[in-house]
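**Student:** dropping a prediction and its sequence here:
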Amino acid sequence: MQPWLVGTLIATAVLLPNLLLVAFPPHNEVPQPHVGIVFAALERAGQLGCLVLLIFAPGEFSQPIWGVLVAASIALYWGLWSRYLASRDARALFAPFGFIPIPMAVFPVLAFAFAAAWASSLSLAAATAVLAVGHLTVSWKSYRAPARDARRVTRDA
């Protein structure tokens, strides 16, 4: 399989479940804490870097063990989306999975990190590090933000 196709499949597998929020919005409000421009910018830059590098400069995917770890990270991520769909509770997007805090932020970052190792791509590893700093910080702050019921907010407005 062509490296750009493998990279595109990985990027799509990580991004696609996010469309579920559009089709099946949560019954309560997703926390939107103030995270500051630095972490927001790092998150967006890391996302863009990972996607662009996976699709347009993926490297050569070799050692299959890394591919297995990419697939496992994505499978766990998709499984956590099923947890969200079962409840449609915004808190499920950030709730721990066993001993792993904010797993819906951790597993996509791991998928990109394993893809960087699989492709032997230092540039993808660097973009993943930037993504990790931004995305994990933003997600952690969202997890720690107080939950508000969207129905209550609507009635009080």
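**Tutor:** Received the coordinates, thanks.

**Student:** show me the helices in the protein, by range?
**Tutor:** All helices of the chain, identified by DSSP state H, fall at 3-15, 20-23, 36-56, 64-87, 103-119, 122-144, 150-156.

**Student:** can you list those helices in a markdown table and add mean neighbour count?
**Tutor:** All C-beta atoms are positioned from the backbone trio N, CA, C, and that covers glycine. Compiled in a markdown table, those are given as follows (neighbours: other C-beta atoms under 10 Å):
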| stretch | mean neighbour count |
| --- | --- |
| helix 3-15 | 18 |
| helix 20-23 | 11 |
| helix 36-56 | 18 |
| helix 64-87 | 16 |
| helix 103-119 | 24 |
| helix 122-144 | 19 |
| helix 150-156 | 10 |
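
**Student:** could you tell me the least trusted of the ones you listed?
**Tutor:** Lowest mean pLDDT within these: helix 150-156, at a mean of 38.

**Student:** follow-up on the earlier one: and F94, which of the helices of the chain is closest to it?
**Tutor:** Evaluated with C-beta to C-beta, the helices of the chain place helix 122-144 nearest to F94, the distance being 3.7 Å.
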